[in-house]
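>>> I need the structure of the sequence given here:
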Amino acid sequence: MTQVVEIKIPDIGDFKDVPVIEVLVAPGDKVEKETSLITLETEKASLEVPSPQAGVVQDIKVKVGDKVSEGTVILTLAATEQSTQTAHTQTTTSAAAEKNAPSAPVAATPAAPTQPVGPSDMHADVVVLGAGPGGYTAAFRAADLGKKVILIERYPTLGGVCLNVGCIPSKALLHAAKVITDADEAAAHGIVFSKAQVDLDKLRGWKESVITKLTKGLKALAKQRKVEVVHGNGKFVTDHSIQVETAEGSKTISFEHCIIAAGSSVTRIPGFPYDDPRLIDSTGALALSDVPQRMLIIGGGIIGLEMATVYSALGSKISVVEWMDQLIPGADPDLVKPLHRRIGKRYEAIYLKTKVTQIEAVEAGLTVTFEGDKAPQPQTYDRILLAVGRRPNGREIGAEAIGIQINERGFIPVDQQMRTNLPHIFAIGDIAGEPMLAHKATYEGKLAAEVIAGHKVAFDARTIPSVAYTDPEIAWMGLTEKEAIKQGIDFEKAVFPWAASGRAISMAREEGLTQLLLDKTTRRILGAGMTGINAGELIAETVLALEMGADMQDLSLTIHPHPTLSETVLFAAEMAEGTITDLFLPKK
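Residues are numbered from 1 along each chain as shown. Sure, this is the predicted structure:
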């Protein structure tokens, strides 16, 4: 017996009036359960809506270009009586959850909890503490693998520091800064623009719209996967429960397994006048309240130099002070030199091997006293950005009280499966150790979720790339030259200068370089670094090469498109092989 039923748009989160971009079936088509019916284009991504049951398509109610929301009728389906019995519940199932449900069996039995779970307001198979890139990735992957998940986040929106006050807003402002800089530099090529007029309110609003678009997408993805989100500050009360202080009061959430993704906080130097609004951290810098005339950046690392890039383009006179003997101390000196040369001409001052010993708040600004071999006399600035690093939040979540080990730096030690010393509790991201990078956190988050689900997986990435989104960008992966020397590794270095790159020259940005480190015996790649436009995009090829165990011949015989900056990897490999024709190499 058949029955004609209406198939409707399921729960797609907060999205409304979503356009239909493709109709995948026609009247008379026989469809099985989960057959894709139409494709929608949400703000986050394209989304296929599957059929909740088997049957024959009768009448299609939508067409390409129509806008639909939850509950909109897609089509009518002649279904068997047996399949219609479950139709109501299945039509409200998330399209994304249906599409992403695991198809492969797990490879092992999940670990059992170490003790019974006591009374609580809420309970989940997996509780994730922190909704940054690592946290939401862990939560979504665990949900896709069939776990009931609760995601705890202290901020009103998902995404953590990275999405709300870190990676994403900083890149939005860096894009704006590059537009201004490119327009200024075009004058040397005969293209003259009037001086940029910056509307801070509009710029700030655009930056916030970028954040909103992404955080709204995350909220929708959580809803589609039926991940319950609880907003508030969470602390462990037992090894199987967390107390969360929410706007509605205190809630106790119990769990079988927990993934700690509580991130890190800005490091502070004792004795500075933090109650003065003219002394800001990276969050304050991203707020873009105004453009100071004279600004000091304390800390010559990635965060400080990225913000220096933004404010310099907007018109501030920038000074940078760094205690170490080079900017971005984690990178090889050769990679940093092109950046130092460029900003040295643009910034008011760069002080290396120098530290700030005192900041005095006066009416005219913040007066700074320096110490070091080439320390200047006290200087007064309109604004100071403190960017001396971040510290893990290991001691702020009550972890030690329940027996989780925390080291002297505040990190939570984990094994290759991201387990803490309590085997049912995992830690990922900044709180689990350096490098403190979002892409490391997402890798670890997915891994932890899969371990909980019983998969036989472990952390096996051979490298984690780093990128400074300065101008020019600096990116590196694998061994640095300093590390190779320290480890006593017998290596070679091949460096291709971008001054010989047709693409770089045509962009008037030939200051860059691409550097490969290789094993002298096997000729395999050990590390890579590059400085220049889009270095952060280009580094991915070398990461893959290292993961695949590629040697210099693999890279040098791979045809790259011309003219591109990606060719510089090919050219560096050809230099290592002695086959390059774009430069003259004297015979050894």
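
>>> downstream of the longest strand anywhere in the chain, the next helix or strand is which one?
For the chain, the strand that runs over the most residues, judged by DSSP state E, is strand 249-260. Scanning forward in sequence from strand 249-260 by DSSP states H and E, the next helix or strand is strand 264-266.

>>> what's the mean pLDDT across that next one?
For strand 264-266, the mean pLDDT works out to 94.

>>> pLDDT averaged over the helix or strand following it, what's the number?
Toward the C-terminus, strand 264-266 is succeeded by strand 279-280 as the next helix or strand (DSSP H and E). Across strand 279-280, the average pLDDT comes to 98.

>>> over to stretch 483-491?
96.

>>> what residues does it touch?
If you take Cβ atoms under 8 Å, 6 or more residues apart in numbering as the criterion, stretch 483-491 is touched by 479, 517-521, 526-527. (C-beta placed from N, C-alpha, C; glycine too.)

>>> at 6 Å what do you get?
517, 520, 526 (Cβ atoms under 6 Å, 6 or more residues apart in numbering).

>>> ditto for stretch 331-340
Under Cβ under 6 Å, 6+ apart, the answer for stretch 331-340 is 326-328, 470, 472, 474, 476, 480-481, 511, 529, 531.

>>> got the buried residues for it?
Using 16 or more other Cβ atoms under 10 Å as the burial criterion, the residues of stretch 331-340 that qualify are 331-332, 335-336, 338-340.

>>> following element in sequence after the longest helix seen in the chain, please.
Ranked by residue count, the top helix of the chain under DSSP state H comes out as helix 200-224. Using DSSP H and E, the helix or strand that follows helix 200-224 in sequence is strand 228-231.

>>> by contact count, what packs against that following strand?
Packing partners of strand 228-231 (3 or more Cβ pairs under 6 Å, 6 or more residues apart in numbering; DSSP states H and E): strand 149-153.

>>> measure the residue most central in space within the chain to residue 160 for me?
In the chain, the residue lying closest to the centroid (Cα atoms, centre = their mean) is residue 438, at 3.8 Å. Look at residue 438 and residue 160: by Cβ to Cβ, to the nearest Å, they are 9 Å apart.

>>> and for residue 284?
18 Å.

>>> more neighbours: these two, which one.
Neighbours were tallied for residue 284 and for residue 160 using other Cβ atoms under 10 Å; the higher tally belongs to residue 160 (29 against 18).

>>> wait, doesn't the more buried one sit right on residue 132?
Yes. Contact criterion Cβ atoms under 6 Å: residue 160 and residue 132 qualify, at 2.4 Å.

>>> shared neighbours, these two?
residue 263.

>>> in the stretch 101-250 of the chain, which ranges drop under the pLDDT threshold?
Applying pLDDT under 70 to the stretch 101-250 of the chain flags residues 101-118.

>>> quick one: which of the contacts of stretch 331-340 sit in helices?
Going by DSSP H, the helices hold residue 481 from the contacts of stretch 331-340.

>>> output the below-cut-off pLDDT ranges for the stretch 251-400 of the chain.
Residue ranges of the stretch 251-400 of the chain with pLDDT under 70: none are present.

>>> just the strands in it please.
264-266, 279-280, 294-298, 317-322, 349-352, 354-362, 365-372, 379-381, 383-386, 390-392 (DSSP state E, counting those that start in this stretch).

>>> can you tell me the strand partners of the shortest one and which way each runs?
Here the strand partners of strand 279-280, with direction, are listed using DSSP bridges: strand 383-386 (parallel).

>>> residues in contact with the strand it pairs with?
278-281, 285, 292, 295-298, 307, 366.

>>> run through the strands of the stretch 51-200 of the chain in chain order.
Under DSSP E, counting those that start in this stretch, the stretch 51-200 of the chain gives strands at 55-60, 67-68, 73-80, 122-129, 149-153.

>>> am I right that residue 413 is in a strand?
No. Residue 413: not assigned to a strand; according to DSSP: H, G, I helix; E, B strand; the rest coil it is coil.

>>> got the phi/psi numbers for it?
phi -60, psi 140 (degrees, to the nearest 10).

>>> what's the local residue count around it?
15.

>>> could you check how far it is from residue 432?
From residue 413 to residue 432 the distance is 8 Å (Cβ to Cβ).

>>> just residue 540 next, same as before
23 Å.

>>> before we move on, what about residue 63?
The value you get for residue 63 to residue 432, if Cβ to Cβ is used, is 50 Å.

>>> who has more neighbours, those two?
Per other Cβ under 10 Å, whichever of residue 63 and residue 432 has more neighbours is residue 432, with 25 against 9.

>>> pLDDT score for residue 80?
61.

>>> from the buried residues of stretch 331-340, which is closest to residue 389?
residue 331 (15.1 Å; Cβ to Cβ).

>>> quick one: the closest one from residue 509, how far?
With distances taken as Cβ to Cβ, residue 331 is found 19 Å from residue 509.

>>> and what of residue 411?
38 Å.

>>> just to revisit the earlier point, mind putting the contacts of strand 383-386 in CSV, neighbour count and distance to residue 74 included?
Shown next, in CSV, are these (neighbours: other Cβ atoms under 10 Å; distance: Cβ to Cβ, whole Å):
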residue, neighbour count, distance to residue 74
278, 16, 57
279, 20, 56
280, 21, 51
281, 20, 49
285, 26, 47
292, 21, 55
295, 26, 55
296, 30, 59
297, 29, 55
298, 22, 57
307, 27, 48
366, 21, 61
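
>>> tell me the two of the residues you listed that are most distant?
307 and 366 (16.3 Å).

>>> strands of the stretch 401-550 of the chain, start to end?
425-427, 466-468, 473-478, 491-497, 513-519, 525-532.

>>> among the ones you listed, which is nearest residue 272?
By Cβ to Cβ (comparing all of the strands of the stretch 401-550 of the chain), the closest turns out to be strand 466-468, at 24.9 Å.

>>> just to revisit the earlier point, I'd say the residue nearest to the centre of the chain and residue 162 touch.
Yes. Look at residue 438 against residue 162 with Cβ under 6 Å: they come within range, at 4.7 Å.

>>> list residues touching both of those two?
Joint contacts of residue 438 and residue 162 (Cβ under 6 Å, 6+ apart) are residue 133.
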